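Novice: Here you go, sequence then predicted model.
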Amino acid sequence: MSVNKARYIFVTGGVVSALGKGICAASLGRLLKARGFKVGMIKLDPYVNVDPGTMSPYQHGEVYVTEDGGETDLDLGHYERFLDEDMSKENNTTTGQIYKTVIDRERKGNYLGATVQVIPHITDEIKSRITRIGSLQNDVVIAEIGGTVGDIESQPFLEAIRQMGQELGPHRVCYIHLTLVPFIESAGELKTKPTQHSVRDLREIGIQPNFLLCRINANVQLDDDVRSKIGLFCNVPPSHVIPVPDADTVYRVPLLLESAGLGELVCAHLHLKRTKPDLSNWRKAVANLTSAKEEVSIAICGKYVALHDAYKSIIEALLHAGGEVGVKPILKWIESSTIHHDTIHESLGEVDGILVPGGFGERGIEGKIVAVEYARTNQIPYLGLCLGLQVAVIEFARNVMKLSGAHSTEFNKKTKHPVIDIMEHQRAITDKGATMRLGSWPCFLKKDSLAHRIYNREAITERHRHRYEVNEEYHSALERHGMVLSGLSPDGKLVEIIEIPNHPFFIACQFHPELKSRLTNAHPLFREFIRASAQHKYLISE
């Protein structure tokens, strides 16, 4: 298919948020890829932030980092995990980016004195970002519009995709609307009115959905009578009203949508070649994920545990690893600020593995350090991610090297032993965003190390999102006292992986390996962490 003939699928949501637009969009992408099509995806976020990099995880969940260093919406993680393809910063666009681009052009005089307006200037920029994905030799572009229909923030995006439908014609554009069809227990029936109102709002701005994905909040069927009623009042063929029930895992959603006929129907609507999809590997991976009976307990000691979406990619990476090892990870969420020496055994005494994730800010740091010490001294498998490496170095410096008060200058600028510090060349930079190490960076692994055995290679690349590093002045001292710096940057100045020998499993990395884990290919660090945790459980039970 030629570049200018890409088809465009727009996924919108209504009634309430958090229905799973990202999962549904990614699932459809999986179905189209399984049919041999090249699929591109883009998330259009209506918030005015340029990107989610400055947001608290409690506001918007985790910040997903792409290979090229883009700080993006967590839905890009779904896209990568479902399509098994890398996204870039161009696959996420925000209102802030759109307006910034247009205003910068206006300041340069690019509009030749014209009055700059939402239509056409803002909508044209939105359309250009969507079609840019289509120009990358993609057969199909799936664009997910954040928020819900009726939100004032989303209106320019909805207007832009309405225009694209008019410009490209009915068989190059497909509108899919995800709504809630709630089950009212007291009435004993599904209610279609919320969906009717949501579609009415969408039609009022000129968009007629071609398909309705109906989320059901109970274990009831969307029978033919209900589908016909929804189709009648929403001007959609009943066969295009697709039920989306709750699933035991999000990775089953592509299979549910395929069994409901969505892949075939979308191909017919877009005049795409209708071929049988190859979902055999996906089905096998889902079966492995859901068939495990043996459980393994993993403690996640973090500071944002009240919102699990703050650690979305970590959760998924643990599930992927469990599917490959053949065990079911049971996650124990522990707020790191509640961890203290005198209560540590109550918190971590029964777990099979301890994971300390990344994070920013001082709150909960001492609790994380205590958790590291407990894992190290009690021979419990430990995996540290980003800040999880830094607190492991701090704990080692304090308790093994006997450097009293050792710390990171991020949390104590006056520490006598700054084992974690900002790099010298970053100190003069006033823009904090510019001091971040973002995206994919190379790493060389020390031969015969645990990391080398896990990866089974000498050079790797992994994604980063952090500002502080292991202080180069302490590298030699750390190694003299028994810590192995098993992963280093090509110039040897940046520590990427540390490990402690004579321990069942103690490894920490400066990067975020969870971002590269896939359902059909679990990340090796997570896989071996789960394997070690399962072995620890077996040894303890014996």
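Specialist: Everything's here; your move. Numbers count the residues shown, from 1 in each chain.
Novice: What are the neighbouring residues in contact with Phe511?
Specialist: Listed by C-beta atoms under 8 Å, 6 or more residues apart in numbering, the contact partners of Phe511 are Leu385, Cys386, Trp441, Cys443, Glu462, Arg463, His464, Glu496. (Each C-beta comes from the backbone N, C-alpha and C, glycine too.)
Novice: can we see that at 10 Å?
Specialist: By C-beta atoms under 10 Å, 6 or more residues apart in numbering, Phe511 lies in contact with 65, 358, 385-386, 389, 437, 440-441, 443, 460-466, 487, 496-497, 525.
Novice: Quick one: buried ones out of those residues?
Specialist: 65, 358, 385-386, 389, 437, 440-441, 443, 460, 462-466, 487, 496-497, 525 (16 or more other C-beta atoms under 10 Å).
Novice: tell me the contacts of the closest residue in space to Met55 that isn't next to it in sequence?
Specialist: Spatial nearest neighbour of Met55, excluding adjacent residues (C-beta to C-beta, 6 or more residues apart in numbering): Asn49 at 6.3 Å. Counting by C-beta under 10 Å, 6+ apart, Asn49 makes contact with Met55, Gln59, His60, Glu71, Thr94, Thr95, Gly96, Gln97.
Novice: Considering the residues you listed, which is situated nearest to Glu479?
Specialist: Glu71 (33.2 Å; C-beta to C-beta).
Novice: Low-confidence bits of this structure, can you list those?
Specialist: 1-4, 424-434, 539-542 (pLDDT under 70).
Novice: Report the central residue of it.
Specialist: Gly77 (3.2 Å; C-alpha atoms, centre = their mean).
Novice: ok, now how distant is that residue from Pro237?
Specialist: 33 Å (C-beta to C-beta, to the nearest Å).
Novice: ok, now Leu403?
Specialist: Plainly put, Leu403 is 71 Å away from Pro237 if you go by C-beta to C-beta.
Novice: out of the two, which sits in the more crowded spot?
Specialist: Taking neighbours as other C-beta atoms under 10 Å, Leu403 and Pro237 compare with Leu403 leading, 19 against 13.
Novice: wait, isn't that one in contact with Glu473?
Specialist: No - using C-beta atoms under 10 Å as the test, Leu403 is too far from Glu473 to be in contact (11.9 Å).
Novice: For the closest residue to Ile126 other than its chain neighbours, which three-state class applies?
Specialist: Closest residue in space to Ile126, ignoring its immediate chain neighbours: Ala160 at 3.9 Å, by C-beta to C-beta, 6+ apart. Ala160 carries the three-state label helix when classified by DSSP: H, G, I helix; E, B strand; the rest coil.
Novice: burial count for Ala160?
Specialist: 26.
Novice: So it is in contact with Val173, correct?
Specialist: No - Ala160 lies out of contact with Val173 (C-beta under 10 Å); the separation is 11.8 Å.
Novice: Mind listing the shared neighbours of those two?
Specialist: Common contacts of Ala160 and Val173 (C-beta under 10 Å, 6+ apart): Phe10.
Novice: sec struct for Val226, please.
Specialist: helix.
Novice: gap between it and Lys193?
Specialist: 12 Å.
Novice: Now the common contact residues for these two.
Specialist: By C-beta under 10 Å, 6+ apart, the residues touching both Val226 and Lys193 are Val181.
Novice: hmm, back to that, now a PyMOL select for only the buried ones of the contacts of Asn49.
Specialist: Buried residues among the contacts of Asn49 (16+ other C-beta under 10 Å), as a PyMOL selection:
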select buried, resi 60+71+94+95+97
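Novice: Which ones among the contacts of Asn49 lie within helices?
Specialist: Judged by DSSP state H, helices contain the following of the contacts of Asn49: Gln59, His60, Thr95, Gly96, Gln97.
Novice: secondary structure element for Ile394?
Specialist: Applying DSSP states H and E as the criterion places Ile394 in helix 387-399.
Novice: what's next to the helix or strand following that helix, contact-wise?
Specialist: Sequence order places strand 407-408 as the next helix or strand after helix 387-399, per DSSP H and E. With C-beta under 10 Å, 6+ apart as the test, strand 407-408 has contacts from 362, 365-366, 369, 387, 390-391, 393-394, 397-398, 413-422, 468-471.
Novice: Pull out the buried residues from those residues.
Specialist: Here, 16+ other C-beta under 10 Å leaves 365-366, 369, 387, 390-391, 393-394, 397-398, 415, 417-422, 468-471 buried among the contacts of strand 407-408.
Novice: So what's the residue count around Ala268?
Specialist: Ala268 - counted by other C-beta under 10 Å - has 12 other residues nearby.
Novice: quick one: the strands in the stretch 401-542 of the chain?
Specialist: 407-408, 418-422, 437-445, 459-466, 468-470, 484-488, 495-499, 506-509 (DSSP state E, counting those that start in this stretch).
Novice: Please pick out the residue of the chain most distant from its centre.
Specialist: Distance-from-mean max, the chain, by C-alpha atoms, centre = their mean: Gly113 at 42.0 Å.
Novice: mind listing what that residue touches?
Specialist: Contacts for Gly113 (C-beta under 10 Å, 6+ apart) come out as none.
Novice: Helix or strand: which one has the residue nearest to the centre of the chain?
Specialist: Going by DSSP H and E, Gly77 is in helix 75-83.
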